[in-house]
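In: Would you be able to build a 3D model of this:
(2 chains)
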Amino acid sequence: MRHVEVRSGVYRDSVRLMQISAAVSAHPWVENALVAMATSLNLELLGDMGIDKPAGGGPNDLLVAIVTANDDDDAMKLALDLVEIELAGTGTGVSRGSEGTGTGVLPRTTFSTVRSLGGSPLGRSALGSTVALVSTPGRYAFVEAMDALDAGASVMVFSDNVPVEQEIRLKRRATERGLLVMGPDCGTAVIGGVGLGFANVVPPGPVGLVAASGTGAQQVMSLLAGMRAVGISHCLGVGGRDMSAAVGGLSTHAALDALDADPATELIVLIGKPPAAAVAEAVRSHAARLSTPVIVAPLGPGQPDLTAVVGQVLGHFGRSAPEWPFWPPTAPAPWAIGPGGALRGLFSGGTLCTEAMVIAAETLGPIWSNVPLRPEWTLAPRSSPGGHVMVDLGDDEYTVGRPHPMIDFGPRMSLIAAEAADSACRVLLLDVVLGHGAHPDPSAELGPAIRAARAARETPLSVIVSLVGSPHDPQDLIRQAMALQDAGAWSYSSNAAAARHAVRVARGDSPQ
Amino acid sequence: MNTALADLLAGEPHVVAVGAETLSAALADQAAHHLSVDWRPPYPGTEDDLVRVFADPRRLDANAAASARMLAASASLVDVRPAAEVVGLAPGQFCHAGPPVDWSRASGPMQGALIGAMLLEGLASAPEQASRLLAEGRLADGTAIELLPCHDRGGVGPMAGVVSPSMWVLVLRDEVHATTSWCTLNEGLGKVLRYGAYSADVIDRLRWMRDILGPSLAATMRAAGPIDVKALIGQMVQMGDEGHNRNRAGTLMLLRDLMPSLVESSGLSSAEVARVARFIGGNDHFFLNLVMPAAKLQTLAASGLAGSTVVTALARNGTDFGIQVSGTGSSWFTGPAGVVEGLFLGSYGPDDANPDIGDSAITETVGLGGFAMASAPAIVRFVGGSVADAMRTTREMYEITLSENPAYSFPVLDFRGAPTGIDVTRVVRTGILPQINTGIAGRVAGTGQVGAGLVTPPMECFVAALQALAAAAPPLSGPA
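Out: Just a heads-up that it's a prediction; the model follows:
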């Protein structure tokens, strides 16, 4: 039996709705359940369920579609009851983080929530260390972020799909008010030991990070925390566009000043995607004026990779860089030496993707991508030109109406299968990012997909994973590595090392 | 290096999380101090306008100024004089409640009140003649009949809000901002002009008010001197009044202040003094007509500030609901007046009710009335709710307002101030509409009051106001 309806006035975020859909689908009487906002993308999914699109319905309406295993009214009624229970938040999914202000009415805007923590009604007083974390869909993020600034709080904008002119306006406003805007599209930050967004569990320590990239920061923090147990004072994300000519490094400058004034920070490390030259110059001269030493290490051709930056940091503290851990497959593939072939990278982390492309392009030449190193290497959306390709699945085009690819592996799973079916593809390079906020057990989903991809092949397919995580992360780094080993993949704690291995395979230089 | 940014890194932060629940859960997993916003998307189609308005660099300062001015405004009763003098009304000119409306679109109670006013002014000898002249738009001598919103003349009128030249009005003064507002004298409950009744007893009462009550109050005020209405409102909300549907404590305090001078200086006989005292003391709503102009003074102080998103009027004419917003001056943004949900008097029922009417929602505009329900538990049943509903309503109104008025504080909420300064953007973002307590007028002209209850404005007023604010904002890509 099939059922579909559109409800207005009900909103849940896309991750919560995924959990609700999964919880309802898990019931044995339910064949398939889709509880999602009625975006055009989600409405298209109805076709797969054998359900016609309902009339009306837009991205602010809730779509409920159920397929039960038989034609029993009771089964459908039960399924709809399950939906109600899950929507009410009394089901098996995640509960609300906290219980509001105790007034019986939960605050409904960022401003009123910040205000409920104290401070003057118009945000005229400094509120101390209140920080807002905005992760609404991108088209609503500007208003909530501005609301936080109005209320006197710094803000991390996790949301992507925020236009650059809105970013500039937010950052100018923050500068006027002496606040910091981290983001948009800022995946991670650590402030006073609290991880915001995707956050690895790292010990406190002397290194302050300014990161124009979330996963880049996660790589650096994880490596520092891993083998050499060097901790982090704070990690301030600034958003991938901050050091572009348009934004002009507004947040980078503010973050440098904040860390310079912080007594716990002994060394500042600035990382990010390749910056605009003039902005990089201004940032370097700003950094040179600070009393705290600064390592300025944006990615780019001829620049040190993230792992090398970690080596510099360790050197600053008089320590040598170790051999970073890696885990080979438990059962080596039967083909000892394969011919070369195409390298295909499927990334959830934008900076990890960029770093891998910089490394690969040195040897392999053009790397086609949706986030290309050079404009002429631009990959048309969702196309496959052959040759070496690396895709950032966290880029805006893939994330409208969907959770971040570090949470939702759906798109990547189907791309893995597609690459496996392409005999030109010789090596798959994947990233797996651990920490709070990320997928709770990545290898449980990726392991079987990797196994299936390799099993489906008649020609060799190597799978190499860049496994970014701290030993203290909730997913358990070692257990993840072992599960990926069992699935036949190589795992590297250094993304650069993973990329170099993949390049060797693509050239036909290396076993596996 | 400024303090706010230094504080950011000074210790473990409080995190306010808005959006994805998994990120709140990640904070909970770390045992971090955090609070989640009960967020949902704004009213559909308003996203771009919200961005424009939020990017308007004038908004924050303009709203701060609007809030400060609303809270600073004072309100004293300084005089009682005929509308002809105070409002400058000539024969054939009538003020009315709400946004502009003409005779053909006027509702039953509005038409009834205009008919009654024609009779009172001697411009017609019978209701039928009055009705005909109003429809033609000309008095018998050819003078054009003009209908003017009270708000546009700096005043307010409850229900139909019809004011004619010979009616006496209470004159209130905000000394801080040097402004004046006015409102008619309240006639009492039941069959009264403001509810659209115009029978002989209604007109007789209005004549007595014109000939005896008005002049005697004028004489009394000359002797008594200004009466601090803001202070009385501050007290009444701590005595079970919300200043819209319950004004009993306010009325009695006013009577207390007027009484000595009324006896000494009004020049009335003891029998007439007694009638005046009975009239005022016997009409629990007498003080509503002082709360309303006091509220109007507050919103006048906040009006006309470029970039401000604060609502300066909620008003209904029985056909349309209209709002005015500080940043868009005297423009009205209208939608259809809603149906009031509530309790009905005697045998009246929902079919007898006229849509929402009156300027009295000016009380909600300043945090009284429906916004102050938590402070008026005695009347929650009358407007069809429970005490818990009342508490929740007031708490919810803080979500759409910019400031809290310490002059009007609610004991039951630990003396939290009245939620003041409705922000158009917050209404659109949260979908929470201002809650209004109101009387219900009979649909048919001449009926009078049929009940009381709760109503909200149509969302489209706020969407239209937001659109106008966005159009007036500088372009996003321009200099900040």
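In: use CA for all of it now, contacts and neighbours both
Out: Noted.
In: Alongside chain A, which residues does the stretch 301-450 of chain B contribute?
Out: B:392, B:395-396, B:399, B:402-404, B:426, B:429-430 (CA under 8 Å from any CA of the partner chain).
In: so where's the chain uncertain?
Out: Unless you meant another one, I'm taking chain A. Within chain A, the set of residues satisfying pLDDT under 70 comprises A:9, A:89-104, A:118-128, A:228, A:332-338, A:381-385, A:510-512.
In: That was the other one, I meant chain B.
Out: Scanning chain B with the threshold set as pLDDT under 70 gives B:1-4, B:383-384, B:478-480.
In: and the residue nearest the centre of chain B, what does it touch?
Out: Centre of chain B computed as the mean C-alpha position; nearest residue by CA atoms, centre = their mean is B:I362, 1.2 Å away. Taking CA atoms under 8 Å, 6 or more residues apart in numbering or on different chains as the definition of contact, the neighbours of B:I362 are B:292, B:295-296, B:313-315.
In: In three-state terms, label the nearest residue to A:V230 once chain neighbours are set aside for me.
Out: Counting by CA to CA, 6 or more residues apart in numbering or on different chains, A:L224 is the residue found nearest to A:V230 once chain neighbours are left out, at 5.0 Å. State at A:L224, reduced to three classes by DSSP: H, G, I helix; E, B strand; the rest coil: helix.
In: Go ahead and confirm A:L224 touches A:G231.
Out: Yes - with contact defined as CA atoms under 8 Å, A:L224 counts as touching A:G231 (6.7 Å).
In: more neighbours, those two?
Out: Neighbour totals were compared for A:L224 and A:G231, and A:L224 leads with 25 against 20 (other CA atoms under 10 Å in any protein chain shown).
In: Next up, the contacts around the more buried one.
Out: A:L224 makes contacts with A:230-231, A:310, A:314, as judged by CA under 8 Å, 6+ apart.
In: Those: which two are farthest apart?
Out: Across the contacts of A:L224, the longest distance by CA to CA is 11.8 Å; it joins A:G231 and A:V310.
In: all helices of the stretch 301-450 of chain A, in order?
Out: Secondary structure of the stretch 301-450 of chain A (DSSP state H, counting those that start in this stretch): helices at A:306-316, A:350-364, A:396-399, A:410-420, A:442-455.
In: buried ones in the last one?
Out: Meaning helix A:442-455. Counting neighbours by 16 or more other CA atoms under 10 Å in any protein chain shown, one finds that the buried residues in helix A:442-455 are A:442-443, A:446-451, A:453-454.
In: tell me which of those is nearest to chain B?
Out: If you rank these by distance to chain B using CA to the nearest CA, A:P442 comes first, at 15.5 Å.
In: For B:L254, what is the enclosing helix or strand?
Out: Using DSSP states H and E, B:L254 falls within helix B:248-265.
In: thinking again about what came up before, quick check, nearest of the buried residues of helix A:442-455 to B:T309?
Out: Nearest to B:T309, judged by CA to CA, of the buried residues of helix A:442-455 is A:P442 at 46.9 Å.
In: give the contact list for the closest one.
Out: Per CA under 8 Å, 6+ apart, neighbours of A:P442: A:432, A:480.
In: so what are the domain limits for the chain?
Out: Reading this off chain A. When chain A is parsed with automatic domain parsing, its domains come out as A:2-87, A:112-316, A:326-507.
In: Sorry, I should have been clearer: chain B.
Out: If you go by automatic domain parsing, chain B breaks into B:12-38, B:62-70+B:304-472, B:76-290.
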